[in-house]
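> how would this look folded up:
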Amino acid sequence: MVLKIFAGFCVMMVSLGGLMSLTSIVPFAVKFAVTGFEFGVAFLQAYIFTVFTCLYLRDAIYLHGHDDH
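Numbering: from 1, shown residues only. Model prediction:
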């Protein structure tokens, strides 16, 4: 929703023309930064999910403390 609002700001500011079209770079930069932040969060969530899955599978295979390697 926030990205949609900033995209609307960009379009509105560019359509006004003049100095407003030059200042439209600010909402575009914020939109770009938020998108990068969302990609970072998505990568972090995927990494944590993978680590937890590996830990769960290790515990399921080795049955909590029985060292039968």
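
> From the centroid of this protein, which residue is nearest?
Nearest to the mean C-alpha position of the chain, counting by CA atoms, centre = their mean, stands Glu38 at 1.4 Å.

> before we move on, which element is that one in?
helix 25-62 (DSSP states H and E).

> Remind me what that helix packs against, helices and strands.
Secondary-structure packing of helix 25-62 (3 or more CB pairs under 8 Å, 6 or more residues apart in numbering; DSSP states H and E): helix 2-16. In this view, the C-beta of every residue, glycine as well, is placed from N, C-alpha and C.

> Extract the C-alpha trace of the following helix or strand past the helix it packs on and format it as PDB.
Later in the chain than helix 2-16, the nearest helix or strand by DSSP H and E is helix 19-23. Taking C-alpha atoms only, helix 19-23 is exported to PDB below (Å, rounded to 0.1, in the frame of the first residue of the first chain):
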ATOM      1  CA  LEU A  19       9.700  22.400 -10.500                       C
ATOM      2  CA  MET A  20       7.400  19.700  -9.200                       C
ATOM      3  CA  SER A  21       8.600  17.300 -11.800                       C
ATOM      4  CA  LEU A  22      12.100  17.800 -10.600                       C
ATOM      5  CA  THR A  23      11.100  17.100  -7.000                       C
END
